[in-house]
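Engineer: heads up, no residue letters with this:
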């Protein structure tokens, strides 16, 4: 059985990632054998790629507030894992970052998740993670998943991206702050208290 570090080295050596490796860019994910909660998002952004740090920005501040945890708990406890749909920045498009590469998650997620036997919850951030893990058609809307989050418990909790750009969405959907976030905080607290 491969360790998480063995898997990381295999990702680095994968010919599909050779352009990143040649430029000194390494896969950005965080996995611990002790993890209880896995966050699955789209892919690192350009800032995360440049710094090698995930969720160290206003989006991360929002995310930790939504989860009800501080930076120490999030980064240093070993209880959280971050396993995006692609571990490399896919580039910029006309209206934001390009989507994660197809088949990337198929190739690496199962191996990584198999190294984390204590996972109780996967938080699925955005459409790519939700469509993949919830086995959904692309026509299913993130808003509908988030509104109906209880249908996916106890294994999955769908979320919108915590970017400040989604503040308008939050104003239009007050149920998110009134119902969804309190439940998310409660569930996260229960898992972390075990």
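Structural biologist: Right, received. Where do you want to start? Being a predicted model, the structure only gives us computed values, none of them experimental.

Engineer: please work out which residues outside stretch 157-173 touch it.
Structural biologist: Under the criterion Cβ atoms under 8 Å, 6 or more residues apart in numbering, residues 41-42, 58-60, 62-63, 66, 121-126, 130, 134, 142-143, 145-147, 149, 152, 176-177, 184, 187 lie in contact with stretch 157-173. For every residue, glycine as well, the C-beta is placed using N, CA and C.

Engineer: what ranges does the chain have for its helices?
Structural biologist: Along the chain, counting by DSSP state H, helices occupy 4-13, 18-22, 46-51, 58-67, 71-76, 104-114, 127-133, 142-147, 167-172, 175, 181-192.

Engineer: show me the shaky parts of this structure.
Structural biologist: Segments of the chain classed as low confidence (criterion: pLDDT under 70) are 1.

Engineer: okay, which residue of it is out on the far edge from center?
Structural biologist: Within the chain, the residue lying farthest from the chain centre (Cα atoms, centre = their mean) is residue 22, at 25.6 Å.

Engineer: related to what we said a few turns ago, of the contacts of stretch 157-173, grab the buried ones for ChimeraX.
Structural biologist: One line in ChimeraX is enough to select the buried ones among these; burial here means 16 or more other Cβ atoms under 10 Å:
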select :41,42,59,60,62,63,66,121,122,123,124,125,126,130,142,145,146,147,149,152,176,184,187
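
Engineer: which strand residues bridge the residue nearest to the spatial centre of the chain?
Structural biologist: Centroid check for the chain by Cα atoms, centre = their mean gives residue 40 as the closest residue, at 2.4 Å. Following DSSP bridges, residue 40 is listed with bridge partners residue 124.

Engineer: pretty sure residue 125 contacts residue 40?
Structural biologist: Yes. In this structure residue 125 lies within contact range of residue 40 using Cβ atoms under 8 Å: 6.6 Å.

Engineer: who is residue 158 paired with across the strands?
Structural biologist: According to DSSP bridges, beta-bridge pairing links residue 158 with residue 124.

Engineer: residue 70: how many residues sit nearby?
Structural biologist: Using other Cβ atoms under 10 Å, residue 70 has 12 neighbouring residues.
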